[in-house]
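Q: Sequence and predicted structure below; questions after.
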Amino acid sequence: MKRIVLFLLTMLSILFSATSFAHTMPESEMFLRGIGPKTTLAQVKTVYGEPASKDEFKGEGVRVVTYVYSPLFKVFGRTYAEDTSPDEKLTVVGYMVKDKNITTPSGFSVGMPYQAVVKKFGPGEKFKNYNGRIGYIYGFNNDVKTLTFYVDKEDKISEINLGTDF
């Protein structure tokens, strides 16, 4: 649960501290096989099937349900803490991808050089997160939606994250 809270805090701090980004990445790049902002966890199940497990966090005014497909792929749904809707009705607000077989619409995946993203869409805003990892963030819609590419020491993509506001 601490990881979920830390993830949410990191994403929120990025969302509120992000500045305008000079890139050409379209918002459609945030969707994995049609799953992205404003879709539901029911739609996630339609595309990816039943999750291997499910985590739930409730506190600080929010309820977060995480569909864990593997340690390499998770999808996050969120609502207000008092909302008792079934999980399937929750809106997707993020995902975490470390699986090399899951790609963005342009074909970017873990293990690829980050420079391929730069070549197609321009650079994201570079930052260092609380663990010291280097990431490049692309903001959309006044930065309430972000797509982040974390890179390893060889500047290869090691993780792709979606973060959105409600």
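A: That came through, no problem.
Q: mean confidence for the helix or strand hosting Thr66?
A: Assessed by DSSP states H and E, Thr66 sits inside strand 62-70. The average of the pLDDT scores along strand 62-70 is 97.
Q: Residues contacting the following helix or strand past it, please?
A: Moving toward the C-terminus from strand 62-70, the next helix or strand (DSSP H and E) is strand 73-80. The contact list for strand 73-80 (C-beta atoms under 8 Å, 6 or more residues apart in numbering) reads 4, 7, 35, 40-41, 44, 48, 51, 61-69, 85, 87, 90-99, 102, 166. C-beta: built from backbone N, CA, C; applies to glycine.
Q: Show me which positions of strand 73-80 end up buried.
A: Using 16 or more other C-beta atoms under 10 Å as the test for burial, strand 73-80 gives 73-79.
Q: same check, this time on stretch 84-100
A: For stretch 84-100, burial by neighbour count (16+ other C-beta under 10 Å) applies to 87, 90-99.
Q: Include pLDDT when you put those residues into a markdown table, please.
A: A markdown table is the format used below for these (pLDDT from 0 to 100):
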| residue | pLDDT |
| --- | --- |
| Asp87 | 94 |
| Leu90 | 95 |
| Thr91 | 94 |
| Val92 | 96 |
| Val93 | 95 |
| Gly94 | 96 |
| Tyr95 | 97 |
| Met96 | 98 |
| Val97 | 98 |
| Lys98 | 98 |
| Asp99 | 97 |
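Q: Among those residues, which lie within strands?
A: Judged by DSSP state E, strands contain the following of those: 91-97.
Q: just the residues you listed now: which is nearest Gly132?
A: In terms of C-beta to C-beta, no member of these lies closer to Gly132 than Met96, at 17.7 Å.
Q: Excluding residues flanking it in the chain, which one is nearest the closest one?
A: Using C-beta to C-beta, 6 or more residues apart in numbering and skipping residues adjacent in sequence, the residue nearest Met96 is Lys74, 4.7 Å away.
Q: which residues does that neighbour bridge with?
A: For Lys74, the beta-bridge partners under DSSP bridges are Val68, Met96.
Q: measure it to Thr39 for me?
A: Lys74 sits at a distance of 15 Å from Thr39 (criterion: C-beta to C-beta, to the nearest Å).
Q: in this structure, which spans are strands?
A: For the chain, the strands defined by DSSP E occupy 53-59, 62-70, 73-80, 91-97, 125-128, 134-140, 145-151, 157-164.
Q: Which one, of those strands, ends up nearest to Ala116?
A: Closest to Ala116 of these is strand 157-164 (C-beta to C-beta; 8.5 Å).
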